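# Structure for the following, please:
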Amino acid sequence: MPFSTGAQARIRTNSSAELAYNAMNIANKDIARSQLKLSTGLRINNASDDVAGYITSRALGQRNNILKASLKIAGDARNVANITMDALENISDMVREIRTHTATATSGAMGTAEKVALAKSAFRFAQQIQTIVDSSVFGGRQIIDGSYSANFFVGTNATNNLLTISLDLSSTNSEFDVDSGQFNTNALLTSNFGGVTGLNLNEFNDVVASDLGIFNDENIGVTLTSLAFAIDNITKVGSYVGGISNRIDSQEDVLQQQIVNYDAAISRIQDTDVAKTQLQFVRDQFLQQASLTSLAQANQNPGQFLQLLSQ
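Coordinates of the predicted model:
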């Protein structure tokens, strides 16, 4: 704290000038701080500006970065879910077409040649189902071939443990609720298509005039029933993925709002109040000018006492 000194007829030490000089230095430093805050927009530019606020703002900023990364990952999870739902919907449409062909073949008006043609056409749909399975890829991994399972990081708790949303599309996922306990959409690579035991879509290609196989009168009813069960199972899996997708959408909304709230919290702690800082800046400029004037006057004061020596 500066103290004024006066009534001292001394010229060796100009205390008044030193006091004015110190005041000018203080004003200069305050001006420099205000200029830094105004130019960066930050009230806390380093730890010395606000020790406690520095720790809090950095911790909040770190967590906010994690939330932003989580939002991107949640977007990836939603993309996988959307691709899966679209693929399953297309597969379901193909199976319905196969069932329609099979139902048409039950007509007594159909001859052997017509039944063979329907079976071959149904097999083409089976081939298309396999193409859909093979082409459903994300991140270099097959999604609906029965092997896909992934955990998507969507945040951390207070002790920095990871919070995840799981998307399990493996063939043995019990949440699919299929009777056989194994859901498989590899139309040309399984004898239990769609989770239905004994449903082998390759058998449509085995139908020939000499052996109608699954299109025989004693087999075609079972084929129709099996295809109906397969459609139901595909719908169940689609419903499972839809539920995961809804959860991901909700998490994205939560993350977006949390990011906004954290940004606001960090701003309140770290950002400069421009109006207040500008007022401080103007005040410091006045103090700087006043201290300069005082310093100039104080430097002239010893000269008055030198006149005593010349008389």
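
# going forward, measure contacts between C-alpha atoms and count neighbours the same way
OK.

# domain ranges for the protein?
Following automatic domain parsing, one finds the domains of the chain at 16-41+274-300, 53-269.

# now the first one, how far from the centre of its chain.
Just to be clear, that refers to domain 16-41+274-300. Offset of domain 16-41+274-300 from its chain centre (C-alpha atoms, centre = their mean, to the nearest Å): 47 Å.

# What does the pLDDT read for residue 7?
Each residue has a pLDDT score; the one for residue 7 is 48.

# which helices and strands does the strand or helix carrying residue 34 pack with?
Residue 34 belongs to helix 15-40 when assigned by DSSP states H and E. Applying 3 or more C-alpha pairs under 8 Å, 6 or more residues apart in numbering; DSSP states H and E, one finds that helix 15-40 contacts helix 274-310.

# can you pull out the helices in the stretch 1-150 of the chain?
15-40, 51-104, 112-135 (DSSP state H, counting those that start in this stretch).

# Quick one: closest of those to residue 195.
Shortest distance between residue 195 and those, using C-alpha to C-alpha, is found for helix 51-104: 13.1 Å.

# dump the residue contacts of the residue nearest the centre of the chain.
Most central in the chain under C-alpha atoms, centre = their mean is residue 71, positioned 1.4 Å from the mean C-alpha point. Neighbouring residues of residue 71 by C-alpha atoms under 8 Å, 6 or more residues apart in numbering: 154, 252, 255, 256.

# Which members of the residues you listed occur in helices, if any?
Those of these mapping onto helices are 252, 255, 256, per DSSP state H.

# Buried ones only from those residues, please, as a PyMOL command.
Remark: buried members of the ones in helices among the contacts of residue 71, expressed as a PyMOL selection using 16 or more other C-alpha atoms under 10 Å:
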select buried, resi 252+255
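
# which outside residues touch stretch 174-182?
Residues outside stretch 174-182 that contact it (C-alpha under 8 Å, 6+ apart): 171, 172, 173, 183, 195, 196, 197, 233, 236, 237, 240.

# residues in contact with the first one?
Residues near residue 171 by C-alpha under 8 Å, 6+ apart: 145, 146, 147, 182, 183, 184.

# Look up which helix or strand the last one falls in, please.
In this structure, residue 184 sits in neither a helix nor a strand according to DSSP H and E.

# now residue 238: how far from residue 91?
Distance of residue 238 to residue 91, given as C-alpha to C-alpha, to the nearest Å: 11 Å.
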